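In: Quick check, what structure comes out for this input:
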Amino acid sequence: MKKTIGILGGMGPLATADLYRMIVESTRADCDNDHIRVYIDSNPAIPDRTAAILRGGKDPVPEMLSALRNLEKCGADCVIMPCNTAHYFLPRLQKETSLPILDMPAIAAARCAGLFPGKRACILATKGTLESGVYACALEREDVPFMTPEEAERDELMRLIYDVVKASKPIAPEKENWQRLLAGLRERGADYFILGCTELPILSHALAVTGPFVDPTLELAKAAIRFCGYEVKEQA
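Out: Take a look at the predicted model:
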């Protein structure tokens with residue numbers, strides 16, 4: 001029996017829409033009826049995850065649980081979260097539900113190990129994700145070599161994520177800044193990049209700058225498709 005997906009979203013709304021788009025585009029289907037039933041609770045009231053991790057900001061888990069309960073009531077068979085930083089709170093959420101919550105950093109780390117064995121990844125993410133260690137732990141479990149951005153590079157990533165994509169500002173003018181950031185990281189030893197914030201695939205696709213990249217949002221979409229018993233349509 002085919003299963004259904006619940007998206008615990010709103011972190012942010014555009015990233016939630018991007019994940020849903022990837023699920024649709026990555027499902028092998030010949031007509032509408034061949035696609036997966038997807039329930040989406042896009043709850044933008046969920047407090048900022050980075051602020052909670054780094055600065056003692058408001059706990060996002062109660063609002064995340066509110067969305068999770070809605071997805072349970074809808075009949076979702078699995079839950080996915082289009083927010084990497086939110087996975088810091090995954091153990092607390094998983095204790096509150098019998099539904100499996102797919103682990104995006106773990107899925108992405110396994111993909112890194114398969115695609116780039118022995119190569120050095122660079123984790124591009126919010127300061128909250130980087131400080132939480134969710135990617136470091138996942139990559140270490142897969143024996144994937146990795147590096148992280150320095151403080152100025154982290155500041156630039158936060159600007160791109162919060163002040164550009166989340167703020168719905170034009171992305172095209174950021175192409176030179178994005179190229180410069182990636183070039184500096186390559187000079188310091190990065191072989192490829194993990195787009196470890198769900199706003200970064202949006203930025204990356206819009207700017208069409210060479211990586212290579214691993215897109216955790218896409219890998220999560222594919223994992224959810226397979227979990228539900230559907231076939232992934234691999235992109236050319």
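
In: quick one, what contacts residue 34?
Out: Counting by Cβ atoms under 8 Å, 6 or more residues apart in numbering, residue 34 touches 27-28. Where C-beta positions appear, they are placed from N, C-alpha and C, glycine not excepted.

In: Just confirm residue 164 is within a strand.
Out: No. Read with DSSP: H, G, I helix; E, B strand; the rest coil, residue 164 is helix and lies in no strand.

In: Could I get the full set of strands for the protein?
Out: Ranges of strands within the chain are 5-9, 38-42, 78-80, 121-124, 146-147, 192-195, 213-214, based on DSSP state E.

In: Turn those into a markdown table, including distance to residue 59, mean pLDDT and mean neighbour count.
Out: Output for the strands of the chain, formatted as a markdown table (distance: least, Cβ to Cβ, whole Å; pLDDT from 0 to 100; neighbours: other Cβ atoms under 10 Å):
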| stretch | distance to residue 59 | mean pLDDT | mean neighbour count |
| --- | --- | --- | --- |
| strand 5-9 | 16 | 98 | 27 |
| strand 38-42 | 18 | 98 | 20 |
| strand 78-80 | 19 | 98 | 22 |
| strand 121-124 | 25 | 98 | 25 |
| strand 146-147 | 29 | 98 | 17 |
| strand 192-195 | 27 | 98 | 22 |
| strand 213-214 | 30 | 98 | 20 |
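
In: Turn the ones you listed into TSV, including distance to residue 131.
Out: Below are the strands of the chain laid out as TSV (distance: least, Cβ to Cβ, whole Å):
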stretch	distance to residue 131
strand 5-9	22
strand 38-42	26
strand 78-80	23
strand 121-124	11
strand 146-147	15
strand 192-195	16
strand 213-214	21
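
In: For residue 54, which of those is the nearest?
Out: strand 121-124 (16.1 Å; Cβ to Cβ).

In: Name every strand pairing with the closest one and say which way it goes.
Out: Each strand paired with strand 121-124, and its direction, by DSSP bridges: strand 146-147 (parallel), strand 192-195 (parallel).

In: Now distance to residue 39 too, for these, in JSON lines please.
Out: Below are the strands paired with strand 121-124 laid out as JSON lines (distance: least, Cβ to Cβ, whole Å):
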{"stretch": "strand 146-147", "distance to residue 39": "34"}
{"stretch": "strand 192-195", "distance to residue 39": "25"}
